[in-house]
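1. I would like the atomic coordinates for the input below:
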Amino acid sequence: MNYSDALNLILSKQRLGIKPGLSRVKKLLDAMGNPQSDLKIIHIAGTNGKGTVANAISNALTSVGLKIGLFTSPWITDYREQIQINNTFIPESVFAEYVNEYQDCDLTEFEFLTAIMYKYFSDEKVDYAVVECGMGGLGDSTNAIENSALSVITSVSIDHTDFLGSTIEEIAAQKAGIIKQNGICVLYPNRKCENVFEKKCLELNAKLVKVPERGNYQQNNLSTANAALRELGFDICAKIPHIPARTEMINGIMLDGAHNTDGAAALKSALPNGKIAAIIGMMEDKDVAGYLSVIAPLCDMIIAVRPSNSRAMDCEKLASVASEYCNNAFPCENIFEALNLLREQKCFKLICGSFYLARDVRKMLLDLS
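-> The predicted structure is shown next:
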């Protein structure tokens, strides 16, 4: 099996959707020899900031000569970017070998990817595996582990309500599911649901390390990463990483994939004063009105598009919601045409609302002359 065939096979499992629970992935991991048990895992859950904190920790540990596995999602530039060792994607041939060997399974795409990640990191004997949850924590496939070196909780807010619950406390309880007996939990300043993590750590006799409020999202993320490094015994300082589609500037256009109200607030803090023209695309199952209530009033023009995902909101419907907050919001069926229109504007330019949209347009932005 070549890489193209392997990629098509694992992507075909998207038809199975999202299935929280650990029984399926544990069955495959058992067939693999339980590679997750060989690893020192830094497990990261949260609604926003997981990728930033995960990359910051990974980069810091790599900088002192350690071999570090990093697992993050979703992908933006290359499917293999989700599984890296020391900033190098899993080789195409290796990925194809794992998919070929273990293809006869009933796992979802993310479950299969998680199992491959644990197997690869174990085979490569990484010093630490920095593992970001896909969704939630308790029933997330990455949580098919008995122990972890550290549990890290980033910013928690309302998201994935169909799976995680409708209140901040219910969602926090799902995130708290990655905390292990007698373990250590580093907690981002989550004042609205801090009590949930305090209770869980008390139940499990786990040490709780509360990160003090630093005043903005990025500084809180950085402080969380540094607290994690200290708990691991490393006297090194993390730096804010450069990650695709996180307030990323490409050829004069800001690209951001955040898709909930807290993510919108973080994006707002990075935007300049003055006129803003934006392309916005979102998933139908997100809090679209909540996100737009933060971002849309800042925009003088909004071009609503539909990202290439089955869960994406129709561009006309999105434009209708956006028009409640911005007087100049309209739909565009073609993303490339929307980009050309955006480029004509003589003001700050923004593309936001979805990592799927970011995936659609990032190469277009890089190709601009």
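2. for residue 36, which residues are in contact?
-> Applying CB atoms under 8 Å, 6 or more residues apart in numbering to residue 36 gives the contacts 29, 118, 122, 144-145. For every residue, glycine as well, the C-beta is placed using N, CA and C.
3. would it count as being in a helix?
-> Yes. Judged by DSSP: H, G, I helix; E, B strand; the rest coil, residue 36 forms part of a helix.
4. per-residue confidence at it?
-> Here, the pLDDT recorded for residue 36 equals 98.
5. quick check: closest non-adjacent residue to it.
-> Counting by CB to CB, 6 or more residues apart in numbering, residue 36 lies nearest to residue 118, which is 4.3 Å off, once chain neighbours are set aside.
6. what helix or strand does that neighbour sit in?
-> Assessed by DSSP states H and E, residue 118 sits inside helix 109-123.
7. gap between that helix and the chain center?
-> Averaged C-alpha coordinates place helix 109-123 at 17 Å from its chain's average position (CA atoms, centre = their mean, to the nearest Å).
8. list the contacts of residue 314.
-> Counted by CB under 8 Å, 6+ apart, residue 314 has contacts 306, 331.
9. can you offset everything so residue one is 27?
-> In the new count, where the first residue is 27, that last one comes out as residue 340.
10. need the per-residue pLDDT for it.
-> pLDDT, residue 340: 97.
11. residue 191 too?
-> 67.
12. please apply the same query to residue 44.
-> Reported pLDDT for residue 44: 84.
13. which strand or helix spans it?
-> Residue 44 belongs to no helix or strand, assigned by DSSP H and E.
14. how many neighbours does it have?
-> Counted with other CB atoms under 10 Å, residues neighbouring residue 44 total 15.
15. ok, then the element right after the helix or strand harbouring residue 329?
-> Following DSSP H and E, one finds residue 329 within strand 327-330. Using DSSP H and E, the helix or strand that follows strand 327-330 in sequence is helix 341-348.
16. which other helices and strands does that next one contact?
-> On a contact count with 3 or more CB pairs under 8 Å, 6 or more residues apart in numbering; DSSP states H and E, helix 341-348 meets helix 314-321, strand 327-330, strand 355-357.
17. for residue 236, find the nearest of these.
-> Minimum separation from residue 236 across those (CB to CB) falls at helix 314-321, 26.7 Å.
18. tilt between the closest one and helix 341-348?
-> 60 degrees (axes from the mean of the first three to the mean of the last three CA atoms, to 10 degrees).
19. remind me what helix 314-321 packs against, helices and strands.
-> helix 287-296, strand 302-306, helix 341-348.
20. residues making contact with the last one?
-> Read it as helix 341-348. By CB under 8 Å, 6+ apart, the list of residues contacting helix 341-348 reads 306-308, 314-315, 318, 322, 328, 330-332, 355-359.
21. which of the residues you listed lies closest to residue 290?
-> Nearest member of these to residue 290, counting by CB to CB, is residue 318, at 8.0 Å.
22. can you give me the neighbour number for that closest one?
-> 26.
23. ok, it - contacts?
-> 306, 347-348, 350-351.
24. and the following helix or strand past the helix holding residue 144, what does it pack against?
-> As assigned by DSSP H and E, the chain's next helix or strand after helix 135-149 is strand 154-158. Applying 3+ CB pairs under 8 Å, 6+ apart, we find strand 154-158 packed against strand 67-71, helix 76-89, strand 94-97, helix 135-149.
25. tell me the mean pLDDT for the shortest one?
-> Averaged across strand 94-97, the pLDDT comes to 98.
26. buried residues in the helix holding residue 144?
-> Buried residues in helix 135-149, counted by 16 or more other CB atoms under 10 Å: 135-148.
27. farthest-separated two in the residues you listed?
-> Longest span within the buried residues of helix 135-149, CB to CB: 135 and 148, 20.7 Å.
28. what is the least confident helix or strand in this structure?
-> Sorting the helices and strands of the chain by mean pLDDT, DSSP states H and E puts helix 187-190 at the bottom, at a mean of 62.
29. got the angle for the following helix or strand past that helix vs strand 67-71?
-> Per DSSP H and E, the first helix or strand lying C-terminal to helix 187-190 is helix 194-201. Angle between the axes of helix 194-201 and strand 67-71 is 160 degrees (criterion: the same axes, to 10 degrees).
30. tell me the mean pLDDT for whichever helix or strand comes after helix 194-201?
-> Using DSSP H and E, the next helix or strand after helix 194-201 towards the C-terminus is strand 210-213. The pLDDT scores in strand 210-213 average 98.
31. any chance you could list what contacts the helix or strand just after strand 210-213?
-> Remark: after strand 210-213, the chain's next helix or strand is helix 220-230, criterion DSSP H and E. Helix 220-230 has contacts (CB under 8 Å, 6+ apart) with 179, 195, 198-199, 202, 205-209, 211, 213, 216, 232-234, 236.
32. hey, which of the helices and strands packed on helix 314-321 is tucked in deepest?
-> Each of the helices and strands packed on helix 314-321 was scored by mean neighbour count; the highest is strand 302-306, a mean of 25, by mean count of other CB atoms under 10 Å.
33. from residue 146, how far out is the nearest residue to residue 106 once chain neighbours are set aside?
-> Spatial nearest neighbour of residue 106, chain neighbours left out: residue 115 (3.9 Å); criterion: CB to CB, 6+ apart. Using CB to CB, to the nearest Å, one gets 11 Å for the distance from residue 115 to residue 146.
34. now do the phi/psi pair for residue 92.
-> phi -90, psi 160 (degrees, to the nearest 10).
35. how many neighbouring residues does it have?
-> 14.
36. same question, residue 239
-> 12.
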